[in-house]
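J.: Here is the input, now give the coordinates:
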Amino acid sequence: MTSPPDPALTEAEQAAFLQSIARVRSAAGRALRAVQAHAMQGAAAHGTEANAAAQAAVDFIAQLHKGLDTVAEQARATGPQPACQAGCAHCCHLRVEATEPEVLRIAQHLRTLPGADQATTLLRLQQHVAAASAGSTRQPCSFLVNDRCAIYSVRPAACRKAHSLSAAHCAEQSPTIPQNLRLLVDAEALMAGTALAYRDQPLPASAHELNAAVQAALGGTPLDAPSALLRWYRGDEGALALPTTLP
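T.: Residues are numbered from 1 along each chain as shown. Next comes the predicted model:
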């Protein structure tokens with residue numbers, strides 16, 4: 001994402017937006033390289049540098065999420081108040097996209113759950129992906145449980161940015177949702193700059209449909225095949241692609 005959200009910005013605001021992306025890209029790039037180098041040094045004695053660096057790169061996405069949470073808090077403190085509240089889940093029925101490090105972080109979080117919960121989550125993911133393949137365009141996210149986000153602490157940037165100034169517009173599925181432009185611009189700059197910082201490594205950081213990507217990340221791999229984490233760290237753009245089956 002390198003273009004500002006609607007409504008259109010003035011020329012000066014557009015320039016400031018692009019400058020913000022560049023600043024985030026530079027700062028995030030330096031920090032990302034540093035955490036990977038530190039992780040590799042710590043793992044050198046065990047010969048697991050690649051695994052450690054890959055994990056550090058995934059963990060680094062939490063810095064973006066913290067930044068987005070701060071932007072949202074500042075927007076609430078100084079701007080119009082969002083209508084969003086616990087139990088309001090209209091936006092959780094829309095398509096959500098997440099980048100590779102976000103998806104891998106979510107998958108790792110899910111693997112810490114009890115086996116029964118993991119199985120239930122995987123089934124919901126499979127059902128969601130199957131419904132989407134059949135043409136369903138509006139269905140609850142696999143992680144929406146009793147109108148609450150089951151992965152709230154590790155939810156992707158798109159969900160942290162999402163907000164509405166009118167619950168009525170959301171309930172009516174209005175084509176236009178009133179939002180805080182300042183929040184959107186700041187959030188987009190953080191997200192775009194961080195994605196570019198990953199790609200500069202180079203590490204894939206593209207948008208993937210959340211449910212399908214997490215299902216792919218959780219999927220079993222042959223014992224002699226690299227994990228999705230290592231495939232991603234080695235630059236494999238298809239690390240989170242679901243396997244295709246021939247008719």
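J.: okay, CA-based contacts and neighbour counts for the rest of this
T.: OK.
J.: Longest helix in this protein, please.
T.: In the chain, taking DSSP state H as the definition, the longest helix is helix 11-43.
J.: Quick check: buried residues in that one?
T.: 17-18, 20-22, 24-26, 28-29, 32-33, 35-37, 39-40, 43 (16 or more other C-alpha atoms under 10 Å).
J.: starting at the chain centroid, how far to that helix?
T.: Taking the mean of its C-alpha atoms, helix 11-43 sits 17 Å from the chain's own mean (C-alpha atoms, centre = their mean, to the nearest Å).
J.: what pLDDT, on average, does it get?
T.: Here helix 11-43 scores 96 as its mean pLDDT.
J.: then the helix or strand following that helix to PDB, C-alphas only?
T.: Helices and strands here follow DSSP states H and E; after helix 11-43, the next one along the chain is helix 49-59. The C-alpha coordinates for helix 49-59 follow below in PDB (Å, rounded to 0.1, in the frame of the first residue of the first chain):
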ATOM      1  CA  GLU A  49      20.800 -19.300  13.100                       C
ATOM      2  CA  ALA A  50      18.200 -19.500  10.300                       C
ATOM      3  CA  ASN A  51      15.400 -20.600  12.600                       C
ATOM      4  CA  ALA A  52      16.300 -17.900  15.200                       C
ATOM      5  CA  ALA A  53      16.400 -15.100  12.600                       C
ATOM      6  CA  ALA A  54      13.200 -16.200  11.000                       C
ATOM      7  CA  GLN A  55      11.400 -16.300  14.400                       C
ATOM      8  CA  ALA A  56      12.800 -12.900  15.200                       C
ATOM      9  CA  ALA A  57      11.500 -11.500  12.000                       C
ATOM     10  CA  VAL A  58       8.000 -12.900  12.700                       C
ATOM     11  CA  ASP A  59       8.100 -11.500  16.300                       C
END
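J.: Report all helices and strands that helix 49-59 contacts.
T.: helix 11-43, helix 100-110, helix 228-233 (3 or more C-alpha pairs under 8 Å, 6 or more residues apart in numbering; DSSP states H and E).
J.: Go through those helices and name the closest to L181.
T.: helix 11-43 (11.5 Å; C-alpha to C-alpha).
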